[in-house]
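# Generate coordinates for the sequence data below:
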Amino acid sequence: MAFIWPWFEIYFWIAFMLINIVFAIIIIYYERKHPYITLAWVTFLMLAPVIGFFVYLLFGRTLHREKMFLLKAEQDEELHKEVNDQLKLIHEKEIDPADPEMTRFLDMVRMLIVNGGALGTKNNQVRLFSEGEEKFETLMEDIEGAMHHINLEYYIFRDDELGKRFVSALAAKAKEGVEVRVLKDGAGCSSLPKNFFKEITDAGGQVVGFYESTGQTYFRLNFRNHRKIVIIDGRTGYVGGFNFGDEYVGKGPLGDWRDSAIRIEGDAVHMVQLRFLLDWGYEAKETFDFTEEYFPKMEESDGKKMQIVSSGPDSVEEKIKYSYLKMIHAAEESVWIQTPYFVPDDSILDALRIAALSGIDVRLMFPCKPDHMGIYWATLSFVGGLLGSGVRAFMYDDGFIHAKTIVVDGLVSSVGSANWDNRSFRLNFETNGIVYDREFGEEMKAAYEKDLERCTELTQELYDQRSKGVKIKESIFRLASPLL
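Have a look, this model is predicted:
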């Protein structure tokens, strides 16, 4: 036996190397990833063949993405049927005739309509939430007042007090005859008991898992539905970063939780509704007519101008990333960003450097407490690399900041589910709400300034004082950043 084991070990390593060579060929020739992502995967597979093999199975495979989501992409094309009317609206410069400064964002609106089907709406009431308690109490009131339907699409439900409370509330409405649909992500909800949503389904509600078969959940950590949206009676909508769990109201191991979400009333709700129905139809194989029950006529008003922009692996273009880039390039005074994870590509890094070097007040707020260690060290590396260009960075000390926001010049803001990382840009399904409104922009800036009171600024001097251990961790995870 002593002579057999060395030969077994040799054959074991050879087998993995051969398999990984096949993977490398697939990555290079068939998947045609971005060159720096391709190089990172091939290097990882060759240097760590066993670990690389399993990590690639979990995170790397995208070969069948186009086939998997072809139907979804075809359904989304329906959004473009109103493009011509929207383009006419843009050319007439009607985003906000009362505020000429808004006209410099017209090309961004056009881009998101043409490229993302993000139709412009201009009669919206928008409420910003920064704390979980307020957001969930308001959502509970809206759910209890629902008359026709509640459509809910979320990445995570927790088997805890908050999660169970909302399951019971949704079940109660289903018993009243309200249509209740819950679209949950297979991976985000994989730890739930099998009977967690039984109260809803027993009451007549519907619960569907997104990409949830065993192989898809446990061996496909890419292509997750990371959206957090709610539509009630087609008149009220929610978009943001909060999931359903006790930690999102500050009762988790990370302490106080800072996040962002918006409640919408107006025509933008129709776009959130359409997003949900397309996602639901893809998984549940159910089609909907554009009836007044789901798309009620809204009152004409001079409300806030909005676009709902979504992106995911069912599209070639990185639509939400494009919106971030366009906002940065349009800035004349300030770019203030909040994100729990900052692992961007060169286009984002260059845009922020150029803005800061041009004298624009660029600020980046991120957590001082990591919930994912590798991503935290990569984030610290990328943030540190921007300090020399004049970007100011702030570490949120009081608990955990999970908000995914940007506000530019106090005029245009984005709140949603998309982090500032490659996973949100390319691999997950995300939805953001973009608000073109000075009043809302000032509210966003005020919330940001309040958060600064709970932050420590990461200066170049402070960053240079980090230990060798931290520098090593940064170097390792920065190299692995295309894979995170």
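
# What mean pLDDT does stretch 178-185 get?
The average pLDDT for stretch 178-185 rounds to 97.

# Check stretch 441-451 too.
Stretch 441-451 shows a mean pLDDT of 98.

# How far does it sit from its chain's centre?
When distances are taken as Cα atoms, centre = their mean, to the nearest Å, stretch 441-451 is centred 21 Å away from the chain's centroid.

# Just the buried positions in stretch 305-316, please.
In terms of neighbour count (16 or more other Cβ atoms under 10 Å), stretch 305-316 has its buried residues at Lys305, Met306, Gln307, Ile308, Val309, Ser310, Ser311, Gly312, Pro313, Asp314, Ser315. Any C-beta I mention is one placed from the backbone N, CA and C, and that applies to glycine too.

# my bad, stretch 348-355
Buried, per 16+ other Cβ under 10 Å, within stretch 348-355: Ile348, Leu349, Ala351, Leu352, Arg353, Ala355.

# Next: stretch 366-377.
Phe366, Pro367, Cys368, Lys369, Pro370, Gly374, Ile375, Tyr376, Trp377.

# what do you get for stretch 375-395?
Neighbour-count burial for stretch 375-395 [16+ other Cβ under 10 Å]: 375-384, 386-387, 390-395.

# Next up, the contacts around the nearest residue to Asn419 once chain neighbours are set aside.
In space, and not counting its chain neighbours, Asn419 is closest to Tyr341: 4.6 Å by Cβ to Cβ, 6 or more residues apart in numbering. Listed by Cβ atoms under 8 Å, 6 or more residues apart in numbering, the contact partners of Tyr341 are Phe366, His372, Ile375, Thr379, Asn419, Trp420, Asp421, Arg423.

# give the contact list for the second one.
Contacts of His372 were listed using Cβ under 8 Å, 6+ apart, and they are Tyr341.

# going forward, begin numbering at 502 instead of 1
Okay, using 502 as the starting number, the last item reads as His873.

# any idea how far it is from Leu693?
Taking Cβ to Cβ, to the nearest Å as the measure, His873 falls 20 Å from Leu693.

# neighbours of Asp847, just the number please.
10 (other Cβ atoms under 10 Å).

# Roughly how far does it sit from Leu684?
Applying Cβ to Cβ, the value for Asp847 to Leu684 is 34 Å.

# same deal with Arg927?
21 Å.

# residue nearest the centroid of this protein?
Taking Cα atoms, centre = their mean, the centroid of the chain lies closest to Ala919, which sits 2.2 Å from it.

# State the helix or strand in which that residue lies.
Secondary structure from DSSP states H and E places Ala919 outside every helix and strand.

# which ones are touching it?
By Cβ under 8 Å, 6+ apart, the neighbours of Ala919 are His727, Ser812, Ile821, Lys905, Ser925, Phe926, Glu931, Thr932, Asn933.

# Spatially nearest residue to the second one (excluding sequence neighbours)?
I take that to be Ser812. Among residues not flanking Ser812 along the chain, Lys820 sits closest, at 3.9 Å (Cβ to Cβ, 6+ apart).

# Verify the stated contact: that neighbour with Gln808.
No: contact criterion Cβ atoms under 8 Å: Lys820 and Gln808 do not qualify, at 10.6 Å.

# Now for those two: what residues contact both?
Common neighbours of Lys820 and Gln808 (Cβ under 8 Å, 6+ apart) are Leu613, Ala619.

# can I assume Glu787 is in contact with Leu779?
No: counting by Cβ under 8 Å, Glu787 stays clear of Leu779, with 11.0 Å between them.

# between these two, who's got more neighbours?
Neighbour count, other Cβ under 10 Å: between Glu787 and Leu779, Leu779 has more, with 17 against 12.

# So for that one, what's the pLDDT?
Per-residue pLDDT puts Leu779 at 87.

# now swap in Pro814 and tell me
Reported pLDDT at Pro814 in the predicted model: 83.

# how about stretch 651-664: buried residues?
Ile651, Asn652, Leu653, Glu654, Tyr655, Tyr656, Ile657, Phe658, Arg659, Leu663, Gly664.

# For Asp643, give me its contacts.
Val731, Ile733, Thr737, Arg764.

# separation between it and Phe637?
Asp643 is 11 Å from Phe637, by Cβ to Cβ.

# in which helix or strand would I find Phe867?
Per DSSP H and E: strand 862-868 holds Phe867.

# Run the chain-centre distance for that strand.
Strand 862-868 sits 18 Å away from the centroid of its parent chain (Cα atoms, centre = their mean).

# Show me what the helix or strand that comes right after it is packed up against.
Of the helices and strands lying after strand 862-868 in sequence (DSSP H and E), the nearest is helix 874-888. If you count contacts as 3 or more Cβ pairs under 8 Å, 6 or more residues apart in numbering; DSSP states H and E, helix 874-888 packs onto strand 843-844, helix 847-858, strand 862-868, strand 893-897, strand 956-959, helix 961-965, helix 969-980.

# mind redoing it with 6 Å?
Secondary-structure packing of helix 874-888 (3 or more Cβ pairs under 6 Å, 6 or more residues apart in numbering; DSSP states H and E): strand 843-844, helix 961-965, helix 969-980.

# where in this protein is pLDDT low?
For the chain, applying pLDDT under 70 flags the ranges 502-599, 714-722, 981-985.

# again, only this time at 80
Low-confidence segments of the chain (pLDDT under 80): 502-602, 617-618, 712, 714-724, 788-791, 815-817, 871-874, 980-985.

# okay, now the domains of it?
Residue ranges for the domains of the chain, per automatic domain parsing: 505-564, 570-576+625-805, 820-984.

# my read: Glu713 touches Ala688, true?
No: in this structure Glu713 lies outside contact range of Ala688 using Cβ atoms under 6 Å: 8.3 Å.

# got the contact list for Arg854?
By Cβ atoms under 6 Å, 6 or more residues apart in numbering, the contact list for Arg854 reads Ser890.

# Go again with 8 Å.
For Arg854, the contact set (Cβ under 8 Å, 6+ apart) comprises Leu887, Ser890, Val892.

# Distance to Tyr795 for those residues - can I get that in a markdown table?
Output for the contacts of Arg854, formatted as a markdown table (distance: Cβ to Cβ, whole Å):
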| residue | distance to Tyr795 |
| --- | --- |
| Leu887 | 44 |
| Ser890 | 47 |
| Val892 | 44 |
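
# Lys786 - how many residues pack around it?
Using other Cβ under 10 Å, Lys786 has 9 other residues around it.

# any idea how far Arg927 is from it?
Applying Cβ to Cβ to Lys786 and Arg927 gives a distance of 26 Å.

# what's the answer for Asp803, then?
From Asp803 to Arg927 the distance is 38 Å (Cβ to Cβ).

# go on, Phe697?
Distance, Phe697 to Arg927, by Cβ to Cβ: 30 Å.

# out of these two, which sits in the busier spot?
Counted by other Cβ under 10 Å, Phe697 and Arg927 do not tie: Arg927 has more neighbours, with 21 against 18.

# Confirm that the more buried one sits in a helix.
Yes: checked against DSSP: H, G, I helix; E, B strand; the rest coil, Arg927 lies within a helix.

# Just to check, Phe883 is in contact with Arg979?
Yes: here Phe883 reaches Arg979: they are 7.1 Å apart, a contact under Cβ under 8 Å.

# ok so, going back, with neighbour numbers in mind, choose between Glu713 and Ala688.
Ranked by neighbour count (other Cβ under 10 Å), Glu713 and Ala688 place Ala688 first, with 23 against 17.

# so when I look at the more buried one, I'm seeing a strand, right?
No: checked against three-state DSSP, Ala688 lies outside a strand; its state is coil.
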